[in-house]
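1. give me coordinates for this.
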Amino acid sequence: MSKVYITGKNFVAEDYTLNELPKGEYENCTFTDCNFAKVDLKGIIFTNCALTNCDLSMASLLTTAFREVEFKDCKLLGLHFDECAPFAISFSFDNCQISYSSFFQMKIKGTRFFRCKLEEVDFGQTDLTQGGFYDCDLHNAVFKNSLLEQVDFRTATNFAIDPEQNRIRKARFASHQLAGLLYKYQLQVD
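-> Numbers count the residues shown, from 1 in each chain. You can find the predicted model right below:
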């Protein structure tokens, strides 16, 4: 099976659960209102692409490449981003539902999440240096042995980060968030 190379194309309201997205590389493409739920995206390369209002929940991302990809208003539940091709991986998320997904052991420096729901997301051993969580809900997200230096958490909510198990040097927090850093001590912070 030969792989395709597609550049500068707009894909609108495609249902890839019915018609498979051809394997190959997609560069400078936009995907709007597309359904990728439970689709096998193995080996597909997305470069400088924008995905808006798409559903990728439970899709297989084994060796999928995301290079300079923007996700906006997308449903990304239960994804294993940690199975993606690591070379030049770069993405941003705006108003996305990313709950129950994994970024375990990834090097995603500078990644920014805006207005996202990140419930029970695994950031264990992840390098998020200089990234940020802006107006994000991190309820039960896992941060263990993670590199969180210079990460902006000032507008994030519902996080629990153990400073003894994560590197948080120069990370930014608001004073009202101290309970999220001291939770393991069972202190009453008023």
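
2. same for the biggest strand by length in the chain, what does it pack against?
-> With DSSP state E setting the assignment, residue counts place strand 65-72 as the longest strand in the chain. Using 3 or more CB pairs under 8 Å, 6 or more residues apart in numbering; DSSP states H and E as the contact criterion, the elements in contact with strand 65-72 are strand 45-47, strand 50-52, strand 90-94. C-beta here means a position set from N, CA and C on the backbone, and glycine is covered the same way.

3. mean neighbour count, distance to F66 and mean pLDDT added to the ones you listed, as a markdown table?
-> Shown next, in a markdown table, are the helices and strands packed on strand 65-72 (neighbours: other CB atoms under 10 Å; distance: least, CB to CB, whole Å; pLDDT from 0 to 100):
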| stretch | mean neighbour count | distance to F66 | mean pLDDT |
| --- | --- | --- | --- |
| strand 45-47 | 19 | 5 | 98 |
| strand 50-52 | 20 | 9 | 98 |
| strand 90-94 | 18 | 5 | 98 |
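
4. out of those strands, which gets nearest to K75?
-> Closest to K75 of the helices and strands packed on strand 65-72 is strand 50-52 (CB to CB; 10.6 Å).

5. surely H139 meets Y100?
-> No. Using CB atoms under 8 Å as the test, H139 is too far from Y100 to be in contact (11.3 Å).

6. shared neighbours, those two?
-> E119, E120 (CB atoms under 8 Å, 6 or more residues apart in numbering).

7. which stretches in the chain count as strands?
-> Under DSSP E, the chain gives strands at 4-7, 10-12, 24-27, 30-32, 45-47, 50-52, 65-72, 90-94, 112-114, 132-134.

8. could you export the third one as CSV, CA atoms only?
-> Yep, that's strand 24-27 we're talking about. C-alpha atoms of strand 24-27 as CSV (Å, rounded to 0.1, in the frame of the first residue of the first chain):
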residue,chain,number,x,y,z
GLY,A,24,0.7,9.1,4.7
GLU,A,25,1.7,12.6,5.5
TYR,A,26,-0.6,15.6,5.9
GLU,A,27,1.0,19.0,5.8
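
9. who does that strand touch, helix- and strand-wise?
-> By 3+ CB pairs under 8 Å, 6+ apart, strand 24-27 packs against strand 4-7, strand 45-47.

10. list the buried residues for that strand?
-> For strand 24-27, a neighbour-count test (16 or more other CB atoms under 10 Å) marks E25, Y26, E27 as buried.

11. need the residues that contact it.
-> Residues from elsewhere that reach strand 24-27 (CB under 8 Å, 6+ apart): 3-9, 44-49.

12. for these, give me a markdown table that also has distance to F91.
-> A markdown table is the format used below for these (distance: CB to CB, whole Å):
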| residue | distance to F91 |
| --- | --- |
| K3 | 22 |
| V4 | 22 |
| Y5 | 21 |
| I6 | 19 |
| T7 | 19 |
| G8 | 19 |
| K9 | 19 |
| I44 | 14 |
| I45 | 13 |
| F46 | 9 |
| T47 | 11 |
| N48 | 11 |
| C49 | 10 |
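
13. lovely, talk soon.
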